[in-house]
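Chemist: Sequence first, then the predicted structure:
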Amino acid sequence: RANTPFLTSLKARGELETRQGIAASVATGASLPLLFNVVREPGNVAMIESKTANLFRAAKAAGYKTFWLSTQESKNLNDVGVDYIDVIRTQEDFPVDVARQGDQAIVGQLDGKAWGERNFIVIFTRSVHSPYEENYDHAAGLEQWQASGSAQPVPEKLGNAYDNSIFFLDRLLEKKITLLKQSLQGNSLLVFTADHGQMLGESGMWGHNRLYPTVASVPVAMHQWSTTPATSRYSLPDNDYVSHYELGHWLLGLMGFALINPQQVADAHYLHGTDIYEDNMYRKVTESEEGLRYCDTRQVSNYGKAESC
């Protein structure tokens, strides 16, 4: 389905670089701390608590003004690095706008912002999260595939609602990028990903929070522009698959920091469960010429022991 016309147009013009991503976790509350603290190994809570490789901390040290702009709740800032964020706006700061406009309310947060000379901006929205139709039902005429007021089978209805929410997100991205291009000076780099994927009927299940390949599958994309003759051009990691850990590692490098991880192994990744502060469940994910292979589910207490995959 043609549910991403804006992103597709960028890709057709050679202005969008894409990879298949591997989420850090199957749940928002775990995925965000793992991503923003650039954590790879199961059970590595010390890396989260120390903020050694925290992206906001690195950005501040590199001279960036830091922003967290979100239509989601402030609870999602848990262990993300609030001590290093200059400007925080969450659902609680403009609840009426969010209730009326959904994620479109974030556009108003971008307009007229007091940006710094250099900026590290995180925009965290909810456009493609169940219940999908609630994310776009305020936008008149947006429904491209029938999902409301019909007697169609539930799987078809949910699938249509999901594709409508993707279409809504695509339109929202166009608005956000247009505003950022009007207000940010110099070279800009926009990286797009998701905290986790969604099951759409695979194995008879919907949603996320499960250690399944579909929940691990997220987009990783990059778009760059400049208001002056560009002095630098960047490229995403040259891998078939880019994990959240690899994405965070790459972002640290762009900001001038080198993360040395003696446990890092090429083509081996980890999909973490929901309870990262406990004896969490996880799955090792390995790359081969045939694609991704998901090892059996294990607990953190068994991490480091011999396993077959």
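Modeler: Yep, it's here. Residues are numbered from 1 along each chain as shown.

Chemist: what pLDDT does A230 get?
Modeler: Looking at A230, its pLDDT reads 67.

Chemist: ugh, wrong one, I meant A161
Modeler: 92.

Chemist: give me the number of residues near it?
Modeler: When neighbours are counted by other C-beta atoms under 10 Å, A161 registers 23. Glycine gets a C-beta too; all of them are placed from N, C-alpha and C.

Chemist: a helix runs through it, doesn't it?
Modeler: Yes: under the criterion used here (DSSP: H, G, I helix; E, B strand; the rest coil), A161 sits inside a helix.

Chemist: Output the contacting helices and strands for the worst-scoring helix or strand of the chain on mean pLDDT.
Modeler: The helix or strand of the chain with the poorest confidence is strand 206-207; it has a mean of 88 (mean pLDDT, DSSP states H and E). With contacts defined as 3 or more C-beta pairs under 8 Å, 6 or more residues apart in numbering; DSSP states H and E, the secondary structure elements packing on strand 206-207 are strand 199-200.

Chemist: gap between the strand it packs on and the chain center?
Modeler: 17 Å (C-alpha atoms, centre = their mean, to the nearest Å).

Chemist: what do you get for stretch 166-184?
Modeler: In this view, stretch 166-184 has its centroid 16 Å away from the chain centroid, taken as C-alpha atoms, centre = their mean.

Chemist: Which neighbours in the sheet does the least confident helix or strand of the chain have, and how are they oriented?
Modeler: In the sheet containing strand 206-207, its partner strands are strand 199-200 (antiparallel), by DSSP bridges.

Chemist: Would you map the helices across this structure?
Modeler: When secondary structure is read from DSSP state H, the chain shows helices at 5-12, 28-36, 45-50, 55-61, 95-101, 105-110, 154-183, 213-216, 244-254.

Chemist: and the angle for the last one with helix 28-36?
Modeler: Compare the direction of helix 244-254 with that of helix 28-36 by axes from the mean of the first three to the mean of the last three C-alpha atoms, to 10 degrees and you get 40 degrees.

Chemist: got the CA positions of helix 244-254 in CSV?
Modeler: The C-alpha coordinates for helix 244-254 follow below in CSV (Å, rounded to 0.1, in the frame of the first residue of the first chain):
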residue,chain,number,x,y,z
HIS,A,244,19.5,0.4,18.2
TYR,A,245,22.8,-0.2,19.8
GLU,A,246,24.7,0.4,16.6
LEU,A,247,22.6,3.5,15.9
GLY,A,248,23.5,5.0,19.3
HIS,A,249,27.1,4.0,18.7
TRP,A,250,27.1,5.8,15.4
LEU,A,251,25.5,8.9,16.8
LEU,A,252,28.1,9.1,19.5
GLY,A,253,30.7,9.0,16.8
LEU,A,254,29.1,11.9,14.9
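
Chemist: Show me what that helix is in contact with.
Modeler: 21-24, 31, 34-40, 53, 55, 58, 189, 191, 193, 218, 220, 234, 236-237, 239, 242, 258-259, 261, 269-270 (C-beta atoms under 8 Å, 6 or more residues apart in numbering).

Chemist: for the second one, same thing?
Modeler: Taking contacts as C-beta under 8 Å, 6+ apart, the residues outside helix 28-36 that touch it are 23-25, 39, 48, 54-56, 75-76, 78-81, 195-196, 244-245, 247-248, 272-276, 280.

Chemist: Sketch out the low-pLDDT regions of the chain for me.
Modeler: Low-confidence segments of the chain, defined by pLDDT under 70, are located at 150, 230.

Chemist: Taking the centroid of it, which residue is nearest it?
Modeler: In the chain, the C-alpha nearest the mean C-alpha coordinate belongs to A194, at 2.8 Å (C-alpha atoms, centre = their mean).

Chemist: Kindly provide the distance from it to A30.
Modeler: Noted for A194: a distance of 14 Å to A30, by C-beta to C-beta, to the nearest Å.

Chemist: go on, I106?
Modeler: From I106 to A30 the distance is 23 Å (C-beta to C-beta).

Chemist: repeat for R283
Modeler: Using C-beta to C-beta, one obtains 13 Å as the distance from R283 to A30.

Chemist: Looking only at neighbour counts, state which of the two leads.
Modeler: More neighbours sit around A30 than around the other of R283 and A30, counting by other C-beta under 10 Å; the figures are 26 against 21.
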